[in-house]
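S.K.: predicted model and sequence below, questions to follow.
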Amino acid sequence: MNQRDNILRSIKIIRESNGYSQEKMAELMEISQSAYARFESGRSKTDLEILEVFANQFGKTIAELFFHPNKIPTNTDAELKAQLTIELKEDKKEQVLKLIFGDNNLEILNK
């Protein structure tokens, strides 16, 4: 199951667990029932505004829809790793490596 399907499943679960019908959600979100049905089923493209309106109805953020039913990870002690890829011409590569790693480490990196 992909991320989109997970979000759509979460939206339906949140709505149903709060006892709302599709008709009631459409009314609360000020859209037609058919527009809501297309939104929840994924038959129409959804913009962030619609996701925000839905999330706000339940006191949630858009991010919480992505992680439902789990909490958004907030462990600030966890190590964060990122990889940056930059394509450079050969002459610029040497300059960037020297800038980042200094003269001494440039020789090690090129081995």
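M.R.: Ah, there it is.

S.K.: so residue 33 is in contact with residue 22, correct?
M.R.: Yes: Residue 33 is in contact with residue 22 according to C-beta atoms under 8 Å; the separation is 6.0 Å. C-beta here means a position set from N, CA and C on the backbone, and glycine is covered the same way.

S.K.: between these two, which has more neighbouring residues?
M.R.: Between residue 33 and residue 22, residue 22 has the larger neighbour count (other C-beta atoms under 10 Å), namely 17 against 14.

S.K.: ok, now how distant is the more buried one from residue 2?
M.R.: Distance, residue 22 to residue 2, using C-beta to C-beta, to the nearest Å: 23 Å.

S.K.: domains of the chain?
M.R.: 3-67, 82-111 (automatic domain parsing).

S.K.: lowest average confidence across those, which one?
M.R.: The weakest mean pLDDT among the domains of the chain belongs to domain 82-111, with a mean of 64.

S.K.: show residues contacting stretch 28-41.
M.R.: 8, 11-12, 15, 20, 22-23, 25-26, 43-44, 46, 50, 53-54, 57 (C-beta atoms under 8 Å, 6 or more residues apart in numbering).

S.K.: what's the closest of those residues to residue 91?
M.R.: residue 46 (46.3 Å; C-beta to C-beta).

S.K.: could you report the neighbour count for that closest one?
M.R.: Residue 46, neighbours per other C-beta under 10 Å, totals 16.

S.K.: now it. Nearest residue, chain neighbours left out?
M.R.: residue 39 (5.5 Å; C-beta to C-beta, 6 or more residues apart in numbering).
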